[in-house]
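Novice: this one's structure only:
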């Protein structure tokens with residue numbers, strides 16, 4: 001019997017495929033710099049940011065230097081806040097909330113998710129919120145999923161994980177977690193609901 005439903009963040013609870021896309025797009029527009037240049041300035045730090053080996057505040061000077069601009073780090077927090085919520089997915093989460101533990105498992109930067117926890121009031125719906133940069137492991141390994149299961153106090157077979165990247169489902173499935181691929185481009189929440197119901201998940205009324 002399913003007791004917990006875990007959601008990926010970017011591409012599932014948001015309508016952008018990745019958090020890097022959201023952040024880079026906003027900074028490009030705000031600073032009037034080509035998107036490719038912003039992406040290149042961050043690219044060498046992305047893995048370390050995701051695994052918690054550095055933070056945005058630690059690399060901000062180097063990023064600005066690469067861009068040849070003196071930008072306020074406040075722009076970065078504005079970029080975080082520009083993250084587009086997938087309102088249909090949040091509605092689904094509220095329909096599940098009464099019967100299931102809901103969590104987030106995300107490969108993400110700690111400072112970004114910390115900011116978004118407050119800005120989007122994520123903790124009102126989701127607990128635990130498990131972030132790769134806090135665990136020190138991403139979804140390529142089982143460690144982040146084992147941590148999430150421990151925090152939610154459920155067995156693998158009692159949980160479902162939803163992600164928009166099939167590669168991120170491999171380690172979870174190997175542990176015995178039920179997995180569902182969500183195509184972020186189609187964002188077909190009705191199809192997702194059918195997949196959940198096929199696993200015995202009860203979805204409340206909208």
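Specialist: That came through fine. Being a predicted model, the structure only gives us computed values, none of them experimental.

Novice: run the chain-centre distance for stretch 28-44.
Specialist: Counting by C-alpha atoms, centre = their mean, to the nearest Å, stretch 28-44 is centred 21 Å from the centre of its parent chain.

Novice: pull up the distance across that stretch, start to finish.
Specialist: Taking C-alpha to C-alpha, to the nearest Å, stretch 28-44 runs 17 Å from one end to the other.

Novice: who touches it?
Specialist: Here stretch 28-44 makes contact (C-beta atoms under 8 Å, 6 or more residues apart in numbering) with 20, 23-25, 27, 63, 66-67, 69, 71, 75, 78-79. (Each C-beta comes from the backbone N, C-alpha and C, glycine too.)

Novice: now that stretch: buried residues?
Specialist: Buried residues in stretch 28-44, counting neighbours by 16 or more other C-beta atoms under 10 Å, are found at 28, 30, 33, 37-39, 41-42.

Novice: burial count for the nearest residue to residue 174 once chain neighbours are set aside?
Specialist: Leaving aside its sequence neighbours, residue 174 sits nearest to residue 142 (C-beta to C-beta, 6 or more residues apart in numbering; 6.9 Å). Counted by other C-beta atoms under 10 Å, the residues lying close to residue 142 total 17.

Novice: how far away is residue 142 from residue 130?
Specialist: 13 Å (C-beta to C-beta, to the nearest Å).

Novice: which pair of the contacts of stretch 28-44 spans the longest distance?
Specialist: 66 and 78 (19.7 Å; C-beta to C-beta).

Novice: OK, contacts around residue 99?
Specialist: 202, 204.

Novice: so which residues of this protein form strands?
Specialist: Using DSSP state E, the strands assigned to the chain run over residues 4-7, 101-106, 129-131, 159-163, 178-181.

Novice: take these and lay them out in CSV including distance to residue 203.
Specialist: Below are these laid out as CSV (distance: least, C-beta to C-beta, whole Å):
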stretch, distance to residue 203
strand 4-7, 10
strand 101-106, 12
strand 129-131, 22
strand 159-163, 12
strand 178-181, 13
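
Novice: could those strands be laid out in TSV, adding mean neighbour count, mean pLDDT and distance to residue 193?
Specialist: Below are the strands of the chain laid out as TSV (neighbours: other C-beta atoms under 10 Å; pLDDT from 0 to 100; distance: least, C-beta to C-beta, whole Å):
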stretch	mean neighbour count	mean pLDDT	distance to residue 193
strand 4-7	25	98	12
strand 101-106	24	98	15
strand 129-131	23	98	23
strand 159-163	24	98	11
strand 178-181	19	98	10
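
Novice: next, give phi and psi for the residue sitting furthest away from the middle of the chain.
Specialist: Distance from the C-alpha centroid of the chain, by C-alpha atoms, centre = their mean, peaks at residue 68 (30.2 Å). The phi and psi torsions at residue 68 (degrees, to the nearest 10) take the values phi 70, psi 30.
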